[in-house]
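Colleague: return atomic coordinates for the entry below.
(2 chains)
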Amino acid sequence: MCYINVDGLKKCYRKEVRGDTLKDTIKSLFKREYKEIKALNDISFTVEKGEMVGIIGPNGAGKTTLLKILSGVLYPDEGNVTIDGFVPWERKETFLNRISFFMGQRGFLGVTVWDIPPVDGFRLIKEIYGIDEKSYRERVERFSEILNVKHLLKTPLRKLSLGERTKVELIASLLHLPEFILLDEPTIGMDVISQKRIWDFLKEYNNETGATILITSHYTRDLEELGKRIMVLHKGKILFDGEKKQLQEKVRGMREFRVRCRDRNVKLPVEVYRWEEDTAVFNVPDGEVKKIAFTIAGIDGVIDIHIEEPAFEDVIRRVFKEADNEEVS
Amino acid sequence: MKKYLEAMRCEFKFHLNYRLNLFFGVSYHPIILLVYYFLWTFIYRAGGSIGDYSLGGMLTYYLITGLLGMFVPIFAYYTMTENIKKGDLIFFLTRPLDFLGYYYFAILTGCLIWSMSAIIVSLPFILWWRNILIFPCINGMLKGLIFTIIAFNMALTLGFILNLLTFFIGDPFGISGFYDFLISLLGGWVLPLDVLPGFIQYLPFKYLYYIPARAFMNYPISLTKELLNAMLWLVFFFAVIRFMWIMGIKKYEAFGG
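Modeller: Numbers count the residues shown, from 1 in each chain, chains lettered A, B, ... in the order given. The predicted structure follows:
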């Protein structure tokens, strides 16, 4: 039996719909309109113990809702979930002792010990989970060393930068050595060095403890670093669930062009996916690479052409685009 | 239980972190006592009594209710509402830590600190009025302490009910101002309930200030009847809280994350 079993999960939210004029605001005092948003629309999947799964999707895809149901915070409208035999929303103490839900920009310490040092929050965590003193000291020492926050543990939490706070919150989330970890946008707002530290830390944690980890992110780099298995969520549905290399198969036979131009007014004979300053980025089928390259090289205003394998985020973008096109048709 | 004691320790550190906050939080207390002194000495200038309150009795009543005001958290503790609204409740729901239990002990810590501070700033007034105050006897102290504990729990449960309304109405802020005023009046903090209509004595709010103050002063109260009544009200409020929590969690959407 799999560690995590999700079957037919559905969740809707009821959201108020209101116009932006003053008249609409006054009207809403007497009559309110609501619409239903399908956050999760018949999601089913399984996860084996010890797996690391990356979940990616645009805003509103249902990623956080999924994590909230798996952690027991929300009740689904329909469907079943079991995690190691536990039903999350029953919130049994044995289950809660084994899980951790980490949200990038906010955390337990921010709610409970905002004005005092993180080390006080760690002590609170120690008592919550009944961690013995020796193990507690070892873990605080080790985790703070790895994440380079040892010198910050006695500084009031409110005085730490976002990146520093995120790291101490991560330590607080893992002090009890959970075997099931949910990370919601763990590296949001962090610099690349801090992001790398967190990726390495999580990989080491997974290797050592065999914890099952689910991570959501907007950053494809997070998923490239952490997840062998990727789940792509879009409008409450799973568009893709499999290994990274299977996803990359979707753009097999394609090449990514990065064309540096004098400015964005240069007319290129292809559909440009995005501009990165004055560099146009787009994909071209293998068979047309030579032809397109020669055509573009002759255009006035083109400074440099670089051809490589498509970036992972372009793969993801392609998956979303295909899903949207299917919906329209 | 250790986790809640640790929560108390964190809350203790938080309160002592902001010294000016602590100072100003109790500095208005002597001003209120001074105002009451001038008010009631003016009212009593011709002598006599109001009900069973002499001038000394009245000043004792306000001194005690003033101190109780620092220990009995009638003013809605808004942080819980913010936790629910902003989605921070998630951090309690995903841990073996009871949200209401955590705030019970956190608020208790704050109330102990504030009331100790209020006792210190009240000492000059106790010395100044020592010849007219009614000092509690041992019997009165014991009864007063029992009813003070009941008062704390009563106020906390009412506060919890107000905060848990957040699950259903989004934000109880509009109600909280009315609530604070109403139970100050109906609890006997503004005036002894003897001067208000009799039906108010059937409400549970008298256990917040009026009954504990009279108990300390060893004024007549039917001890068994009041204890039983108070416990029944507490059981009722705890049942309401449990019901609201179960229903609220089912509807909770944890927005903010």
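Colleague: buried ones in stretch B:105-125?
Modeller: B:105-115, B:117-118, B:121-122, B:125 (16 or more other Cβ atoms under 10 Å in any protein chain shown). Placement of C-beta: from N, CA and C, glycine included.
Colleague: of the residues you listed, just say which sits nearest to chain A.
Modeller: Nearest to chain A, judged by Cβ to the nearest Cβ, of the buried residues of stretch B:105-125 is B:Ala106 at 8.5 Å.
Colleague: residues in contact with that closest one?
Modeller: Applying Cβ atoms under 8 Å, 6 or more residues apart in numbering or on different chains to B:Ala106 gives the contacts B:7-8, B:10-11.
Colleague: where exactly do the strands run in the stretch 151-300 of chain A?
Modeller: With DSSP state E, counting those that start in this stretch as the criterion, the stretch 151-300 of chain A has strands at A:180-184, A:212-217, A:229-234, A:237-243, A:254-261, A:274-276, A:279-285.
Colleague: I would like the residues contacting the shortest one, please.
Modeller: Which is strand A:274-276. Taking Cβ under 8 Å, 6+ apart as the rule, strand A:274-276 contacts A:258, A:264, A:281.
Colleague: and the third one, by the same measure?
Modeller: Where contact means Cβ under 8 Å, 6+ apart, the residues beyond strand A:229-234 that reach it are A:45, A:51-58, A:61-63, A:66, A:223, A:238-244, A:247, A:316, A:319-320, A:323.
Colleague: got the angle between that strand and strand A:237-243?
Modeller: 170 degrees (axes from the mean of the first three to the mean of the last three Cα atoms, to 10 degrees).
Colleague: re the thing from before, so which of the strands of the stretch 151-300 of chain A is nearest A:Asn41?
Modeller: A:Asn41 sits nearest to strand A:237-243 of all these, at 5.2 Å, using Cβ to Cβ.
Colleague: give the pairing partners of that closest one; include direction for each.
Modeller: strand A:229-234 (antiparallel) (DSSP bridges).
Colleague: tell me the mean pLDDT for the partner strand?
Modeller: Mean pLDDT, strand A:229-234: 88.
Colleague: check stretch B:86-104 too.
Modeller: 92.
Colleague: is any residue of that stretch near chain A?
Modeller: Yes - against chain A, stretch B:86-104 shows contacts by Cβ under 8 Å from any Cβ of the partner chain at B:87-91, B:93-97, B:102.
Colleague: most centrally placed residue in the chain?
Modeller: Since you didn't name a chain, this refers to chain A. What sits nearest the mean C-alpha location of chain A, by Cα atoms, centre = their mean, is A:Ser217, with 1.6 Å.
Colleague: ah, I was thinking of chain B
Modeller: B:Val72 (1.9 Å).
Colleague: so which bits of chain B are right by chain A?
Modeller: Checking chain B against chain A by Cβ under 8 Å from any Cβ, the hits are B:2-3, B:5-7, B:9-10, B:13-14, B:17-18, B:83, B:87-91, B:93-97, B:102, B:250, B:252-254, B:256-257.
Colleague: where does pLDDT dip in the stretch 151-257 of chain B?
Modeller: Residue ranges of the stretch 151-257 of chain B with pLDDT under 70: B:255-257.
Colleague: just the helices from it, written as ranges.
Modeller: B:166-169, B:173-187, B:210-216, B:223-251 (DSSP state H, counting those that start in this stretch).
Colleague: try chain A
Modeller: A:22-30, A:63-70, A:93-98, A:108-112, A:118-129, A:133-146, A:162-174, A:192-209, A:220-226, A:244-248, A:289-297, A:312-328 (DSSP state H).
Colleague: comparing the ones you listed, which comes out most buried?
Modeller: helix A:63-70 (a mean of 25; mean count of other Cβ atoms under 10 Å in any protein chain shown).
Colleague: now it against strand A:237-243, angle please.
Modeller: Using the same axes, to 10 degrees: helix A:63-70 against strand A:237-243 is 80 degrees.
Colleague: what's next to helix A:63-70, contact-wise?
Modeller: A:4, A:6, A:9, A:11, A:39-40, A:43, A:55-57, A:74-76, A:81, A:83, A:88-89, A:101, A:182, A:184, A:214, A:216, A:233, B:90, B:254, B:257.
Colleague: write the ChimeraX selection for whichever of these are buried.
Modeller: If you want just the buried ones from the contacts of helix A:63-70 in ChimeraX, going by 16+ other Cβ under 10 Å, the selection is:
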select /A:4,6,9,11,39,40,43,55,56,57,74,76,81,83,88,89,101,182,184,214,216,233 /B:90,254,257
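Colleague: the contacts of helix A:63-70 in strands, which ones?
Modeller: A:4, A:6, A:9, A:11, A:39-40, A:43, A:55-56, A:81, A:83, A:101, A:182, A:184, A:214, A:216, A:233 (DSSP state E).
Colleague: comparing the strands of the stretch 151-300 of chain A, which yields the minimum mean pLDDT?
Modeller: Taking the mean pLDDT of the strands of the stretch 151-300 of chain A, strand A:274-276 comes last: a mean of 84.
Colleague: can you list the strands that it pairs with?
Modeller: strand A:279-285 (antiparallel).
Colleague: for the partner strand, C-alpha coordinates in PDB please.
Modeller: The C-alpha trace of strand A:279-285 is given here as PDB (Å, rounded to 0.1, in the frame of the first residue of the first chain):
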ATOM      1  CA  THR A 279      16.800  38.800 -25.700                       C
ATOM      2  CA  ALA A 280      14.000  37.100 -27.400                       C
ATOM      3  CA  VAL A 281      13.300  33.500 -26.300                       C
ATOM      4  CA  PHE A 282      11.400  31.000 -28.400                       C
ATOM      5  CA  ASN A 283      11.400  27.300 -29.400                       C
ATOM      6  CA  VAL A 284      11.800  25.900 -32.800                       C
ATOM      7  CA  PRO A 285      11.500  22.300 -34.100                       C
END
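Colleague: what comes up buried for that strand?
Modeller: A:279-284.
Colleague: returning to what we had before: any idea which of the contacts of strand A:274-276 is closest to chain B?
Modeller: A:Val281 (32.2 Å).
Colleague: thinking the closest one is in contact with A:Arg255, fair?
Modeller: No - with contact defined as Cβ atoms under 8 Å, A:Val281 does not count as touching A:Arg255 (11.6 Å).
Colleague: now the contacts of B:Ala106 in JSON lines, with pLDDT?
Modeller: Formatted as JSON lines, those follow (pLDDT from 0 to 100):
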{"residue": "B:Ala7", "pLDDT": "92"}
{"residue": "B:Met8", "pLDDT": "92"}
{"residue": "B:Cys10", "pLDDT": "91"}
{"residue": "B:Glu11", "pLDDT": "89"}
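Colleague: any low-confidence regions in chain A?
Modeller: In chain A (pLDDT under 70), the answer is A:1, A:227, A:249-252, A:311-314, A:326-329.
Colleague: for the stretch 151-300 of chain A, which residue gets nearest to chain B?
Modeller: A:Asp184 (6.7 Å).
Colleague: out of the buried residues of stretch B:105-125, the closest to B:Asn218 would be?
Modeller: Among the buried residues of stretch B:105-125, and counting by Cβ to Cβ, the member closest to B:Asn218 is B:Ser122, at 19.5 Å.
Colleague: what's near enough to touch the closest one?
Modeller: Per Cβ under 8 Å, 6+ apart, neighbours of B:Ser122: B:29-30, B:33, B:63, B:66-67.
Colleague: rerun at 7 Å
Modeller: B:29, B:33, B:63, B:67 (Cβ atoms under 7 Å, 6 or more residues apart in numbering or on different chains).
Colleague: any of the residues you listed buried? List them.
Modeller: B:29, B:33, B:63, B:67.
Colleague: number of residues surrounding B:Ile64?
Modeller: Look at B:Ile64: counted by other Cβ atoms under 10 Å in any protein chain shown, it has 23 neighbours.
Colleague: next, it: secondary structure please.
Modeller: Three-state call for B:Ile64 (DSSP: H, G, I helix; E, B strand; the rest coil): helix.
Colleague: so how far is B:Phe205 from the residue lying closest to it once chain neighbours are set aside?
Modeller: Here the nearest residue to B:Ile64 in space, its sequence neighbours aside, is B:Ala213; by Cβ to Cβ, 6 or more residues apart in numbering or on different chains that works out to 4.4 Å. Counting by Cβ to Cβ, to the nearest Å, the gap between B:Ala213 and B:Phe205 amounts to 13 Å.
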